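Asker: Using only what follows, build the 3D model:
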Amino acid sequence: MRVVLEGSASAGLQTDMQLTIRRYERHDQRAVLGLHRDGLEHMGADAGPGPWDVDLDDVERSYLNAGGDFIVGLISEVVVAMGALRRVTDTTADLKRLRVKRELQGKGVGERIARVLIERASELTGDYPTYSQMMRG
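Answerer: Residues are numbered from 1 along each chain as shown. Presented below is the predicted three-dimensional model:
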């Protein structure tokens with residue numbers, strides 16, 4: 001899976017920026033952990049590493065090989081956003097670990113990650129409406 005979205009002034013991104021969204025790869029782990037820690041620290045919620053972060057120690061086992069998904073957003077090959085789906089039942093998936101680099105918050109990056117995850121959730125959980133179908137009414 002690879003989604004490439006051009007920047008737009010209306011979304012707050014510089015028009016020359018390109019956000020690439022793709023499935024997590026093992027070499028993303030350090031960047032993902034950094035983005036996660038930074039997000040928690042910024043919110044004053046960082047309790048340090050612990051069992052509550054075990055899913056990020058092995059993203060493949062926790063998400064990709066467990067019927068879910070984990071995606072990253074990149075600008076110029078740098079991880080700037082992330083999000084995951086954890087499969088709960090055959091018809092339910094939870095959106096997890098949505099993080100966006102501080103300087104890109106409020107610019108539509110998180111919304112783009114969430115939209116891709118919602119589309120993916122509809123594929124994983126059966127014939128429920130996709131985000132695009134819901135927005136069309």
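Asker: Centre-most residue in this structure?
Answerer: Central residue of the chain (Cα atoms, centre = their mean): Gly83, 2.0 Å from the mean position.
Asker: how much space between the nearest residue to Lys101 once chain neighbours are set aside and Leu98?
Answerer: Spatial nearest neighbour of Lys101, chain neighbours left out: Val80 (4.3 Å); criterion: Cβ to Cβ, 6 or more residues apart in numbering. Backbone N, C-alpha and C define where each C-beta goes, glycine included. To Leu98, Val80 is 13 Å away according to Cβ to Cβ, to the nearest Å.
Asker: neighbour-wise, which of those two wins?
Answerer: Val80 (22 against 14; other Cβ atoms under 10 Å).
Asker: Quickly find the element holding the more buried one.
Answerer: For Val80, the element it lies in under DSSP states H and E is strand 78-89.
Asker: Point out the other helices and strands that that strand packs with.
Answerer: If you count contacts as 3 or more Cβ pairs under 8 Å, 6 or more residues apart in numbering; DSSP states H and E, strand 78-89 packs onto strand 18-23, helix 29-42, strand 69-75, strand 92-100, helix 109-125.
Asker: Any regions of this structure where pLDDT drops low?
Answerer: For the chain, the stretches flagged by pLDDT under 70 are 1-16, 127-137.
Asker: Excluding chain neighbours, what is closest to Arg99?
Answerer: Spatially, and ignoring its direct neighbours in sequence, Arg99 is nearest to Gly39 (4.4 Å; Cβ to Cβ, 6+ apart).
Asker: re the thing from before, ranking the helices and strands packed on strand 78-89 by burial, who's on top?
Answerer: strand 69-75 (a mean of 22; mean count of other Cβ atoms under 10 Å).
Asker: hmm, back to that, check which residues of the strand holding Val80 are buried.
Answerer: By neighbour count on 16 or more other Cβ atoms under 10 Å, the buried set for strand 78-89 is Val79, Val80, Ala81, Met82, Gly83, Ala84, Leu85, Arg86, Arg87.
Asker: can you check stretch 49-62 too?
Answerer: For stretch 49-62, the neighbour count (16+ other Cβ under 10 Å) marks Asp55, Leu56, Val59, Ser62 as buried.
Asker: among those, which are in helices?
Answerer: Of the positions in those, Asp55, Leu56, Val59, Ser62 sit in helices, assigned by DSSP state H.
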